[in-house]
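Asks: Following is a predicted model, sequence given first.
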Amino acid sequence: AQTVTQSQPEMSVQEAETVTLSCTYDTSENNYYLFWYKQPPSRQMILVIRQEAYKQQNATENRFSVNFQKAAKSFSLKISDSQLGDTAMYFCAFYSGNTGKLIFGQGTTLQVKP
Amino acid sequence: GAVVSQHPSRVICKSGTSVKIECRSLDFQATTMFWYRQFPKQSLMLMATSNEGSKATYEQGVEKDKFLINHASLTLSTLTVTSAHPEDSSFYICSARWATNEKLFFGSGTQLSVL
């Protein structure tokens, strides 16, 4: 079974600074995708970024980028120029191409301070 | 992006009653829908997977007789919490996808409080 681990329950960053959220996963599959989701206080799940496992190039979306280390099974999220609106809970998630299921890590609560 | 509507957003019920939560895909055909449960400040735990026209597949530890899932059409799935008890109080979130697409679209969630 796949597992997703986020070892940082809480983090904080000053506005305009850069922060990196960690995520590791365990799987024996080759066909999978990795995601980072944001859950603000409204609790609506918002897709931040997506990475195909078969692609070596790290995904980027504006201020958000990932460091995907496939051999190490590591998938960290870097947020540049942090904004107050980035304050939220962030979940790393693993999508199995075999089962079609999306499994989430424990989450990291990020506080952006003015 | 695709829209998934979930209702109600909040429900309060008495212990022993049943509650139905609806999840609708508004602008695409959701061949598969997923139901998650989330306790405060915790992760989303997958409860079950439902494919249109088929019986739902439940994750280990989830009581299928307590959490009834119906996915009778390509745009609607329902989760019924039967004989609800206070320990069933939680935030329930649905998500949906089209075909085997890896991108899931999430509903806005339902906060269930059982008194």
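Replies: Nice, thanks for sending it over.
Asks: May I see the buried residues of stretch A:102-112?
Replies: Residues A:Leu102, A:Ile103, A:Phe104, A:Gly105, A:Gln106, A:Gly107, A:Thr108, A:Leu110, A:Val112 are the ones in stretch A:102-112 that count as buried (16 or more other Cβ atoms under 10 Å in any protein chain shown). All C-beta spots, glycine's among them, are computed from the backbone N, C-alpha and C.
Asks: Distance of B:Ser5 relative to B:Glu102?
Replies: 22 Å (Cβ to Cβ, to the nearest Å).
Asks: ditto for A:Phe64
Replies: A:Phe64 is 18 Å from B:Glu102, by Cβ to Cβ.
Asks: Could you do B:Gly61 as well?
Replies: 25 Å.
Asks: Which one's more surrounded, the two?
Replies: Between B:Gly61 and B:Glu102, counting by other Cβ atoms under 10 Å in any protein chain shown, B:Glu102 is the more crowded of the two (16 against 7).
Asks: Which strand or helix spans the more buried one?
Replies: Assigned by DSSP states H and E, B:Glu102 belongs to neither a helix nor a strand.
Asks: Tell me if I'm right that it and A:Ser96 touch.
Replies: No. With contact defined as Cβ atoms under 8 Å, B:Glu102 does not count as touching A:Ser96 (9.2 Å).
Asks: which residue is nearest the middle of the chain?
Replies: Since no chain was named, I'll use chain A. For chain A, the residue whose C-alpha lies nearest the mean C-alpha position (Cα atoms, centre = their mean) is A:Trp36; its distance is 3.2 Å.
Asks: that's the wrong chain, I meant chain B
Replies: The C-alpha lying nearest the average C-alpha coordinate of chain B belongs to B:Trp35 (Cα atoms, centre = their mean; 3.7 Å).
Asks: Start and end of stretch B:85-101, how far apart?
Replies: Stretch B:85-101 stretches 36 Å from its first residue to its last (Cα to Cα, to the nearest Å).
Asks: so what's the backbone phi/psi at the residue in chain A that chain B sits nearest to?
Replies: Proximity of chain A to chain B (Cβ to the nearest Cβ) peaks at A:Met45, 3.9 Å away. Backbone torsions of A:Met45, given as degrees, to the nearest 10, read phi -80, psi 130.
Asks: hmm, back to that, next up, the contacts around the residue nearest to the centre of chain B.
Replies: Neighbour list for B:Trp35: B:Cys23, B:Leu46, B:Met47, B:Ala48, B:Ser50, B:Phe67, B:Ile69, B:Ser77, B:Leu79, B:Tyr92, B:Ile93, B:Cys94 [criterion: Cβ atoms under 8 Å, 6 or more residues apart in numbering or on different chains].
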